[in-house]
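Visitor: Pasting a predicted model and its sequence here:
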Amino acid sequence: MAATASDAARRSPVDEAWGLLHKLMMTQRRRFLAVAAELDLHPAQAGALLQMEPDAPVPMNELASILHCDNSNVTGIVDRLEARGLVARRPHEHDRRVKQVALTPLGLQLSRQMRSTMSSAPESFRKLPAADQRALLDILSRALD
């Protein structure tokens, strides 16, 4: 159902701000998908790489939880990442039944590349005057406290 002009007039400023933040995050989702495609990664694979830390293998069931998906889905994601040499499976040091996933040097390189691209502010933020950038930082910081 489409919103009408009278609906917009009844919305509070905070609801309008939330709507704008949602719109902004959706543009960043498209940016994420473009970066993943440039690296020839499925979005789920890119998401997995972004969730992994260097020198910190993650149990596959924990990765599934982080990615909000089923363990069987993570198996497929890890299979494809492993086939490309981006991750390696390892047994857990205290429980060999648990498989952990670790970034390989190539996986770490791609992960860093994605993080670098995705952590830079969108151009629309960069165009704001410095005072507005500081105000935005302050407001968002307070909203998250």
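Guide: Received, thanks. This one's a predicted model, so the numbers in the text were calculated from it and none came from an experiment.
Visitor: Okay, now the unreliable bits of this structure?
Guide: 1-9 (pLDDT under 70).
Visitor: So which residues of the protein form helices?
Guide: For the chain, applying DSSP state H gives helices covering 5-10, 13-38, 43-51, 60-67, 71-83, 105-119, 123-126, 130-144.
Visitor: From the contact counts, what lies against the fifth one?
Guide: For helix 71-83, the contact count by 3 or more C-beta pairs under 8 Å, 6 or more residues apart in numbering; DSSP states H and E identifies helix 43-51, helix 60-67, strand 87-91 as packing neighbours. (Each C-beta comes from the backbone N, C-alpha and C, glycine too.)
Visitor: residue closest to the middle of the protein?
Guide: Taking C-alpha atoms, centre = their mean as the criterion, residue 47 is the residue nearest the geometric centre of the chain, at 5.5 Å.
Visitor: Spatially nearest residue to that residue, not counting backbone neighbours?
Guide: The spatially closest residue to residue 47, leaving aside those adjacent along the chain, is residue 67, at 5.9 Å (C-beta to C-beta, 6 or more residues apart in numbering).
Visitor: For that neighbour, give its distance to residue 99.
Guide: Per C-beta to C-beta, to the nearest Å, residue 67 is found 15 Å from residue 99.
Visitor: one step back: just give me the neighbour total for the residue nearest to residue 47.
Guide: 16 (other C-beta atoms under 10 Å).
Visitor: looking at it, residue 113 is touching residue 39, isn't it?
Guide: Yes: here residue 113 lies in contact with residue 39, judged by C-beta atoms under 8 Å, at a distance of 7.2 Å.
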